[in-house]
Every structure is written in structure tokens, then in C-alpha cells.
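Student: any chance you could fold what I've pasted below:
(4 chains)
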Amino acid sequence: MEHSAERVVDTVKADRRRVLIITALVAIPLIAWTLTQMSLLSFGTQILNGLSFGAVLFFLASGFTMIFGLLRIANLAHGGFYLMGGYVGITTTLVTGQFWLGLIAGGLAIMVLGVFAERVLLRRIRGLVKPEVLLTIGLTFVIGDLSLAMWGGDPRTVPLPGYLKGPIQIGDSFFYPKYRVFVLGLAIVLAAILFYIDRRTKIGAIVRAGVDDRETVAALGININAVFTIAFMFGAFIAGMSGVIGAGFLALLPGQDFEILLFALVVVIIGGLGSLEGAVLGAAVVGLIDSFAKALVPELSFFTLFAPMAIILMIRPNGLLGKAP
Amino acid sequence: MNPLRALSLTRRVQLALLVGALVAGMVLPHVVSSFILRLVTLALVSALFAMSVDLMAGYAGLVTIGQAGILGTAMYGVGYVASKTDGGIALQITVGFVAGMTAAVIFGLMAMRSSGVYFILITIAQGMIIWGLASLLVNITGAENGLPGIRRPVNIESGFRYYYATLVVVLICSLALFVVVRSPFGHALKGLRGSETRVRMLGHNSAFLKFYMFLVSGFFATVAGILLVYLNEFVNPTDVILGASALPVLMAILGGIGTLIGPFIGAFVIVFLRNWVSLRVDRWQTLMGLTFILVVLFAREGLVGAVSAWWHKRIDGRDGGVSSVLHEPEKREAVLSESG
Amino acid sequence: MRKTIRKWIVLAAVLALVAAACGDDSSETTATTAGTTATTAGTTETTAGGTATTTGGGADMFTELKIGVILPLTGGIAGPGADARESWELYFDTNGDGTTVTTSNGVNITYVMEDNASDPAVALTVATKLLEVDDVDIVIPGILASTGTAVGDALGERTDVLLLSPFSCNDDFTQRTPLEGYARPAGWSCSQTGKAFAQWAYEEQGYRDIATACTDYTFGYEHCGGFADAFTQLGGTITEQIWHPLGNSDFGTYATQMNELDVDGIVGLVVGGSAVPFVTAYSDFGVKNRAPLLAGVTTLDQSALRGMDKEVALGAIGHSHWSEGADNPSTKQFVEDFEAATGKIASYYAAGNYGAMEWIVAAVEAMSGPEWTPDLMLETMKDGLVVDTPFGQQAMDDEGAMVFNVYINEIQEREDGKLWNVPIFTYENVDQYYGRDRDEYLTQPPYTKDFQGTGVGG
Amino acid sequence: MSLLVEEGQRWAVIGPNGAGKTTLFRAISGEVHPTEGRVELFGDDMTRAAPYRKAQRGVGRTYQVTELFQELTVEENLVIATQAVTAERFCFWRPVRMAGELNEACTSALEAVGLTGARHAGVSEMSHGQQRQLEIAMALASNPKLLLLDEPAAGLSAAERKLMKGLINGLPRDLSIVLIEHDMDIALDLVDRVLVLDNGQPIAEGTPDDIRTDQRVQDVYLKFD
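Tutor: Prediction:
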């Protein structure tokens, strides 16, 4: 009974934080705008830039946060998943000429890899955080090195279909890359699907219950191991797919696995680990901060990702939407 | 502990191993090439660095992936004086030391309220901020070009002498760490690993304890930084990237986290994989990754844990409590408490 | 114990020196012995380093030379590293038996190649290995400026080793604070090509207002600085300088900023993995429709073009001392050979290593004498040697920097559909002070973010 | 509700499950901060003080569910508890074995609960009963003025319960004790005063004899048992 009272307090606090973040989402661009004499057009373009970069980050972070939330595994191989998924996608697209096939193939390949990693490797050390760290980093090394052996070290991009290439032109002077708009749209679709699964389906309910209290779910007679595997599969699928999507505007190259992992970490920290809406908000906030900071204080761009993360963690040691330990 | 127990078979073997290692360390420069000697020197420095990380990650259960920030700041302190001013060795070391400890203080203040996975994340951010500063402050750090012109003190200039200097410093520091983990403070750290709430309920100010931990651990990281910068005679932002902070953690886990000998062994394995095996094997990264995976699967408590388990099972079943001379008794892997 | 060993070594060295001195005025047979002994003396002098010099069979020419090559075969710039590796293999396969190349005057050149994982600290360890274990005479210190600086600094006091770097282009290595025993055969100075490019932009294109968008580190400062300084000296204006961080991969923000500029062209420089997203953003954000991209060396290099979308890159203008489409016999030959061996069009990284090796061989063939020394080799290289490299004909100035052709390239589609750089204009014999008086030039500070030439800014 | 514990007094707080006994303890020891009301300790208002401050002022506490450092030894557990309230906790320059004061404190705490022989045993290898004893030793190790015991006999066998009862009875008389106990027989034998809670509200307070005969208490207990 007292337990549920604490929960109510938690929910109220979480709501307050949500309001705060949304305020921040609006405030960052507005402050940026008033600070500079940015034209309305370029202001709008920078918002689009921030959001479309955020869309890629959301793809990355949603898989990561799902795996963390349910399995409590900080899957440090996520960057490796991204990298290899991207490479598989590129090759598939080159061979078949179909971007969509590449997208799916990248996701499927990593899904298979993910099932292997979860069932064969990670299951043996469930709950042991330090072995998990060593194992997932080891996996990243192997994935990264094999990718280098197979695809070489040159930066690679995914060949886009004609309708996603080049800019959209509005009027005489406004250009915006079609692909960025497409990625933004795709992220919205993915978010909608994830929210639907999470809020409206039985599996979503099980997953949510599992995030809160694994023992209870197991006690209800649900095969929690199967749920874990499915969640890991799904997370890995999104990670692989995000590699293909990311390859469309960031280019894939060796060493990017760890860079990408950092991005995923920053987003989930700002949003709170294990929370879907956290991933949405975190991705948008990070994307916008990145975009405007580069424009306003370019020399500080080394800090624009990590300084906010450090400050947030200093003030709120459990992340913005995170619950107390 | 009674003297009889100290003379047990396990103890005697441990003592023999320790003496053997010391003798090997003393005669090594006379038998191996100067290249191998450099690698051993690097491994010794890495071992000290990994032990400083293990004090947090292994003993206190607070995994830091930003310790290269402290190490690197000390390196830059030395490098700045050596490269940009005409300060002598004494001034270089002093500035390096003060710089490293300042970083430790700031890191401590930032992270002392965090725990579990959030502790990992804030330390990552700290390391990356130091990396950002190293890349940004061109006039102080030389950014990508780094700081050239750092030279070892004249009397320990050769690789041969520098090895002995490193050996002595690392031995003294290991001894100091041996005391630290047995001290009341060391016990408090172990308490933190068990349950931070419980430690608080017993009357420890856990935030301050963590801050204090950063100072003690940062001290050893700073010493390692000063040793490293004179070994390489160079410092550049790559010394403070995420990978540089992750390596000591991997070394500790690989060797056996929560022990002092573990990071030592892990450091040697990883340094030789990265610098020696890589000369022979093109796909050395795959090999390193596989090593990590196999160790996790077949020696969950690291190499030291596996050897010690085997020893207790086969040779010395009765003498269960004691593991290694430089090794704390507990054998169970602590499960990091996290929050969701 | 160690002290005793040392004593013996010193004693042996003294004896050897005496023997060598005695041998000078003896008959030919004695001279051979003396030569051998002298070599031993040399070895003892530098116990750690050693020397390649061995006189075999009594000839008056050294016979062995060993090169240590440090390359980023793993890590962030493994792509260029692979090209570089393949060009070494190509050289030794084409001109030798795969491991040894014998020069026309009978010197056997071998090489040892090691991976530095794109990390200066590893490069330093590897350099120790090359010097101590392999006993190399020449070190090629990797591709990144940071590894070059680290290894260069470590070798600074070694008089028995030559440091040759086709890639570390920091101006001051051959200008204000030159490195001892260092040269950059088939290399360049970071600000060198931009000076000729500025002339082309001003004189041939009639551009007057230019903006720059270079990477925010030394290479970017010097590269853009070379252009900006020369362009403003000619009378042009640098209206805006955008600096983007090293390793940046989302160029949306910068493209949006570039879109607001009213200029004749934008000089852009990015390295490594940033090239593809930079050029893509330049095109996709429509910046291309307002001002042409005037790119530097690494931005439109093959290593980046291979991963780039055709429409994005076609028509972009680059400038470099390397042009895979140049109409030189030596360039054509190299590009053909490299493609036959690897299936790839040669990049600047491939050409640089191959060219460095051609320089070494040319220098050795021009050398004589019983002993190889770094100084002798450097002097030979600087002494009017002209070498046919994949870059075309090159010479070295007194400071160890290169004099070469600068090509203004356009990205075109080859018959087989691959993109490549084709020269549309050539400046010949461009030296590192191009168009400037050396002494006057050196009174300027090196290019930094704050100093981009006297005519830029305030 | 108010609870005034005088120096050296022994209290029992009893009541059915969910009556709020443990919450009361949590408020006293500082794990939760009450939304209203005050916690005054040793003459000072410490309502919102952090738990470690209260512990340093002299509040010792045991838990309903054993909370020990399972992977450490008995001695290590005690050292962590003992040093917490001394300056020793910042000492990193000498091993515990050389810190005499700390050693003695551990020894006397072990003696007080009768665990001297198990000093170097690993906690996880000890029986449940021994672990409960160790908990009390840990609470005693920091030399508290007020000891909060949350169901010290929970999960013990009848014989062990008797032992525990004796142990608590033998604690120094100047130590104030508040005890939560489900088992009325144990609770009422040990204490001077009793507080009965139900549903977060006090329903009775008095000497053990008063409580034994109190009808409301009987009702409450009958309702649940």
C-alpha cells in the first residue's frame, strides 16, 4: 500500500520532468534564435537539421533502451550491431538494387546475430554486469574487425533510390535533402509502431511489466526467457536497420561502432534508461542541441554532447526520466 | 591471522610466485630485447592504471570509464611544462601531479552522487569532456598534434633505466594499494559495493566516501599518467579517448576484478595482444575480442579467479579462504546494483 | 653485470676504431677487413639502433637498406592505410621479388610493415620495435599528422635513422622549426597547394569573394591559411571562415550556414570519414547551386570518392598535387598497375607511398660509398634529384619539402562509370613558398585559426 | 502519533502487517523523510537529516530482512560498521589489523552477541540465526545510544528465538531500544513500554501488562490471525 503511494509520487515527478523536457525542446531553439540574428528560414532549417539527426539517434537509442530496460543489459555491442547492419544493408542494396531490401536485410542479419549473442553468450552471464561489459565489448571488437576484413576501411554510404536522392526544392532558394525528411518520417513511423506495441498489445504489457518487475512476470507463468529473446531480437533488428539508415547520411567506417555507442548512451541518459518516450525526447533534445550548438558556438562542439549529459547527471544522478535506484 | 595459516601451502606457493616474479622483473632487461622491455614497461604502467580503476570498479563496485581523463590530465600537465615552458623535471612532475589531482577532485565532485549504471555514464561524460578540452585548447594541448619535446629525466633516460624506475614506482604503488584495500577505507569501499544504502545506514556519508575514493584512486592514476608520459615522451588526445578509459576496465575484468593481481595480469595480456600479437596477426582485434568473450564464458571471475578456483579444487581444498598474496579473499563476483 | 657488458662494448668499440684507422692506408685486402670492422664500430656506437651498412664482397657500396613502414591498418583510417599497404606491396612485386628490391647499383632494399591502429601511442611502440628489433634505417611514420608528430619527436635525437613522411604535411616540419633528419619525398606542405589554387581561383575564374569551411585543427588551419593568405594577397576577399570539428559526420548545420553566404565559391577541407557526408551535404542542401565547392586534397580523394554518390560529387572542383586522371606517363602507369592489382583507382595515399619508395630508390641509385647514412641520403635527395613519381616529376628543396605540379581537378565520370579526379589546369613546379620570398614568408607566424594570412580578418 | 523514548528505556512497537511499524523505523532512521511531523533525536530536530548523520549521532538499526554484506567476512562487516562513526573511515594508510581501536570494537561487539569464533567466516556461509546475531553486532559496533531492532527473531527456530531473547535482554541497560516484533510473547517480555499500531494509527500504549489485557489490541490481532 505504501509502495503504491510512492509510485504515485514517482509518476507525478516523472510527469513534471516530461513537461520540463518538452519545455526545453521548445526553449532551446527559441533561445538560440533570440541570441543570434538567424533568419527565419535558416532557423527553421536548423530545427529540421536537429530533428532529422535526432531521428537517426532515435533509431539507435530505441533498440538500446529496449534491451536495457527489459534485460538490464547495457549492450555495448550496440555500436557494432549498427556498423555491421549498415554494411550488410549496403551490400544487399548494391546486389539487389533495392534500398528497402537492404534496410530489411541489415535488420535481419543483426537480428540473427542478436539471437546468437543473447542465447549463446549473454544468457550464461545474466545479471553479472562486469562480465557483460567485457563480453559485449569483446563482441564489438570482433564485429568491427570482421567488418573491416570484409568491407575494407573506406567510408561507405548506402546507394539511395532516385526518389530519396538530392534536395527537395521549395521556391527558388529553399533546398532540403529528401533523405533527411524521409528519415524523420521513418522515425515517426517507428515511434508510432513502438508506442502502439508498448501501450496497446499484450506483448507490450508483458514487456512493460517485465521492465518494472521481472519476478512478477515470471510468477504469472510467462516464459520470461522467451520474452527476453524476443526483446533482444527486436532491439538488434532496429540496431541493424539504423545502421543502414545512418549510412545514408553519416557514412560508415571502422571505429564508428564506439562513436555510435556514445551517441546512444547520451540519448538514453538524457531521456532515462529503459523508457521509450525517453528515447524520443532524448533524441530530439540531443539532435537540437547538437544542431544549434554547432551553429552558435562551433568551437565548443566537442562538448555539446557530453557537457549536457554530465550536467544532467550531476543534478539528477538518475537521468531525467530515470527512477531512483 | 595466525602464523601457521600464513605458512599454508597456498601461501608458500604464492610467496614463491611473488619472489619469482620479482626476480624475473629484475633480470628481465638482461634477457629480452629493448622492444619487449618497452612493452613490459608499458604493461607495468597500464597495470598501475588498471589497479587504480579496479579500486573503484572492483572494490567499490563503481565502474568508471573516464579514468583516462585523470591520467591524461596528469600527462598534459607534465607535457605542457616540458613542451611550452623551460621548467625542469621537478616542475613538470609537480604540475602533472597537481593537474591530475585537480581532475580527480572535479571528477569526484561530479560523480559522488551517482551509482550503478549512471556512475558509468557520468564517468564516460567526464572522460569525453577532458578529450574535448584536449582537442579544443590548442595553445595548451597542441590539439591533434599533441605535445612534443617531452624528455625523460637525464639519469633514467634509456629504456633500460626507465624500466627499473617504472618497476620501482609501480611496486611501491602496488604495495600502497595492498595496504589501501586492507585499510578501514578499503573496507568501506567494499561496503559500497555490497549496498550503498546499507553503508549509509551504518553512518557513512557515501557521497563523501566516493569523493574520497576518487582522490585515492586518482592519485594512482596520476602516478601512472606521469610514468606514461615519460615513457611515450608524447601526449595527444588519443590518450584520453573513450578507448583509453575502457582499456583499464577491460584489463581488470579480464584478469579478475576486485583483486590487485587481476588487473596486473590483465594489463600484461592486453598490452601484449595490442602491441605484440598485433605484429604477427593481422586480425588481432578479432583475437582480442574472442579472448574477452572466452574469458567471460569460461572464467567468469577473470583469469585469476579461474586459476584460484582450480587451485582450491585440485590442490588445496582445505585452504579455501585465502587466494593470493596480492589478492583479496572474496571470490564472488559482485552484482552491480542498478536502477531502471 | 650490465656495467661490465658496457665496459666490454666500449673497449671493443675503441679497438675497432683503432683497427679502422689503421686500415685506411693499407692495401685493398686490408681495406675490406677494415671496412667490416668499422661497421662493427658503428654498431657499438649506437647499441640500440644499429646500422644497415654491411660491406659484402669488398665492393665500395653498401648493400642493404631496410625501411620500416608504420601504417594505420586498423582503426578509423584503415581505408587509406589499406591503400598505402597495397602500394608498398605493388612496388615490391613490380620492381622486385615481393620482399626485396635490388637497385641498379646493387643495394637490396627490404621493408617491414606494422600496424599503428591509428593511435600515436601504438605508433611509438611500433617505432621502437622497428628500430630495436628490425634495425631499420628509414622510418615512414604513418598517415595521420598525430602519428607523424609522435614518431618524429621520438626519432628527433636519432642520428642513425632517417624519417621520411609522404603525409605529415605540417608546414613547420620544413619551415620555421625543421625536424632533424627529416624529409617528405612524394609529400607536401599543408599550405602549399592552396597557394596555387588561390591563383587559379583569382586569375582563371575571376573569383573575388570566397568563404572557407575547413576542419578545425592544424591541417585545416594550414590548408585554408595557404589559400586565404595567397587569395587576399592577390586582392580577393575571404568573407567568412567556418570551422567544423575533426571527425564531424553531420554537416547539416554547416551546410545551412554555407547556404546563407553570398560568395563566388567555398573552399572546403575535410579528412577521413567526414568527406562523404560533407560533400553529400554540400550537394543535397543545394549549396552547390549557389557556390561551387573548391575542395582540398583529402576531400575528393579516391578513398572518399569510392563511397560517394555520383550525382553528389560530379563537377566538384578539387586541387591537389595528386590527380589520378593526369596525363603523365608515370601517373598513368601507376594508376593502371594499381588498378590491375587491387581493382581500385589509386588514391593519394597509395600514390604517396609508392612515390616515397621511388624517391628512396632514386636516391640510393644516386649514392655511392661504403656506408649509408641518413645525412648522405638527405643530401642526395636535395641535390637536384628529379624523380618520376605517380605525381609526375618532383624535386626536393633544401629544407626537405617538395617541388611539384599542382593540379586543379574536376570530378568526372570515367568510361566505366567510376568517379575520378581529372586535371583541368596545372601549375608546374610549385614550391612550399609558392610565389613568395622565403625569408619574408618566414617572418609570418604559422597559420592558425587566428592567423590566416595578413589580409584576412581585422 | 507520538513516541517518546527516554534514555535507557526499552520499547516495543507491535501491530499487524501493514500497520506502519517499519515505516516508523524508516522515518526515525532517516531512510524516508516524513511529509509531516517531526523526528527529534537526542534533543535536536533531525526530521530531514540524512540517515548517515543520524547513525553518526547514535542511531543503530537492524532489518526485518537480513541486510549484511554477503560476500564479505564477519570481521569485514563489523569493520565497515565500526569505523563509520569514527575518523578511521578515512584511514587508508594502514591495514585494519593494525588499527587497534577498530579491532577492539569488533572484538567486543562479537563478544556481546556470542560470535567470537566466527570472526573470519564468510557471511554467506553462516546460518540464518548467526546472521541475525551479526546484524545486532553490527548495530552495536557503532556504539549507538538508540537501537532500532526490526523483528530480530524473524525466521528463527524456537530455540534460536530463545537465544535471541536472551541476547537482547543482556544488552547494556543504558542503551535505549525500540523493538518491532510480531511475536507478542517475545516483545512483551523484553520491554518497559509498548506501542500498538494498526493501519498507521496508534491504538494503544502502555506497559506490557496493560497491553496484554487491552481489548482493542486483542481485537486487532484476532482480526488478522
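Student: ok and the residue in chain C nearest chain D?
Tutor: Using Cβ to the nearest Cβ, C:Ala121 is the residue of chain C that sits closest to chain D, at 30.8 Å. Every C-beta, even on glycine, is put in place using the N, C-alpha and C of the backbone.
Student: can you show me the helices along the stretch 101-250 of chain B?
Tutor: B:116-136, B:138-141, B:159-182, B:184-194, B:196-201, B:206-232, B:242-255 (DSSP state H, counting those that start in this stretch).
Student: quick check: which of these is nearest to chain A?
Tutor: Per Cβ to the nearest Cβ, nearest to chain A of the helices of the stretch 101-250 of chain B: helix B:116-136, 3.2 Å.
Student: helices or strands up against that closest one?
Tutor: Here helix B:116-136 touches helix A:256-271, helix A:306-315, helix B:68-84, helix B:89-111, helix B:138-141, helix B:242-255, going by 3 or more Cβ pairs under 8 Å, 6 or more residues apart in numbering or on different chains; DSSP states H and E.
Student: mean neighbour count, these: which tops it?
Tutor: Sort those by mean neighbour count, taking mean count of other Cβ atoms under 10 Å in any protein chain shown, and helix B:68-84 sits at the top with a mean of 28.
Student: that helix and chain A, are they touching?
Tutor: No. Applying Cβ under 8 Å from any Cβ of the partner chain, one finds helix B:68-84 separated from chain A by no less than 10.9 Å.
Student: what about the residue of chain C closest to chain D, neighbour count?
Tutor: 25 (other Cβ atoms under 10 Å in any protein chain shown).
Student: that one is in what secondary structure piece?
Tutor: helix C:120-132 (DSSP states H and E).
Student: B:Arg193 is in contact with B:Met56, isn't it?
Tutor: No. With contact defined as Cβ atoms under 8 Å, B:Arg193 does not count as touching B:Met56 (9.8 Å).
Student: what touches both of these two?
Tutor: Common contacts of B:Arg193 and B:Met56 (Cβ atoms under 8 Å, 6 or more residues apart in numbering or on different chains): B:Leu62.
Student: give me the more crowded residue out of these two.
Tutor: B:Met56 (28 against 24).
Student: tell me the secondary structure for that one?
Tutor: Put simply, B:Met56 is helix when judged by DSSP: H, G, I helix; E, B strand; the rest coil.
Student: where does it land on pLDDT?
Tutor: Per-residue confidence at B:Met56 stands at 95 (pLDDT).
Student: list the contacts for it?
Tutor: Contacts of B:Met56 (Cβ under 8 Å, 6+ apart): B:62-64, B:67, B:213-214, B:217.
Student: leaving out chain neighbours, which residue sits closest to B:Gly72?
Tutor: B:Val240 (3.5 Å; Cβ to Cβ, 6 or more residues apart in numbering or on different chains).
Student: that neighbour touches B:Ile129, doesn't it?
Tutor: No. Here B:Val240 does not reach B:Ile129: they are 9.6 Å apart, not a contact under Cβ under 8 Å.
Student: what packs against the host helix or strand of A:Phe116?
Tutor: Here A:Phe116, judged by DSSP H and E, is contained in helix A:99-116. Contacts defined by 3+ Cβ pairs under 8 Å, 6+ apart place helix A:99-116 against helix A:78-96, helix A:224-247.
Student: any idea which of those is most buried?
Tutor: Counting by mean count of other Cβ under 10 Å, helix A:78-96 has the highest mean neighbour count of the helices and strands packed on helix A:99-116, with a mean of 26.
Student: could I have it exported to PDB, CA atoms only?
Tutor: This file holds the C-alpha atoms of helix A:78-96, laid out as PDB (Å, rounded to 0.1, in the frame of the first residue of the first chain):
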ATOM      1  CA  HIS A  78      25.100  -1.900 -30.000                       C
ATOM      2  CA  GLY A  79      27.500   0.200 -32.000                       C
ATOM      3  CA  GLY A  80      28.900  -2.900 -33.500                       C
ATOM      4  CA  PHE A  81      25.400  -4.000 -34.400                       C
ATOM      5  CA  TYR A  82      24.800  -0.700 -36.100                       C
ATOM      6  CA  LEU A  83      28.100  -0.900 -38.100                       C
ATOM      7  CA  MET A  84      27.600  -4.400 -39.400                       C
ATOM      8  CA  GLY A  85      23.900  -3.900 -40.100                       C
ATOM      9  CA  GLY A  86      24.900  -0.900 -42.200                       C
ATOM     10  CA  TYR A  87      27.500  -2.800 -44.100                       C
ATOM     11  CA  VAL A  88      25.100  -5.700 -44.800                       C
ATOM     12  CA  GLY A  89      22.500  -3.200 -45.900                       C
ATOM     13  CA  ILE A  90      24.900  -1.600 -48.300                       C
ATOM     14  CA  THR A  91      25.900  -4.800 -49.900                       C
ATOM     15  CA  THR A  92      22.300  -6.000 -50.200                       C
ATOM     16  CA  THR A  93      21.300  -2.800 -51.800                       C
ATOM     17  CA  LEU A  94      24.200  -2.900 -54.200                       C
ATOM     18  CA  VAL A  95      23.400  -6.500 -55.200                       C
ATOM     19  CA  THR A  96      19.600  -6.200 -55.500                       C
END
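Student: how about the helix holding A:Phe116: buried residues?
Tutor: Neighbour counts using 16 or more other Cβ atoms under 10 Å in any protein chain shown place A:99, A:102-111, A:113-114 of helix A:99-116 among the buried residues.
Student: make CSV out of the residues you listed and add pLDDT and distance to D:Ala154.
Tutor: Shown next, in CSV, are the buried residues of helix A:99-116 (pLDDT from 0 to 100; distance: Cβ to Cβ, whole Å):
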residue, pLDDT, distance to D:Ala154
A:Phe99, 94, 64
A:Gly102, 95, 61
A:Leu103, 95, 58
A:Ile104, 96, 57
A:Ala105, 97, 58
A:Gly106, 96, 55
A:Gly107, 96, 52
A:Leu108, 97, 53
A:Ala109, 97, 54
A:Ile110, 96, 49
A:Met111, 96, 48
A:Leu113, 95, 48
A:Gly114, 94, 44
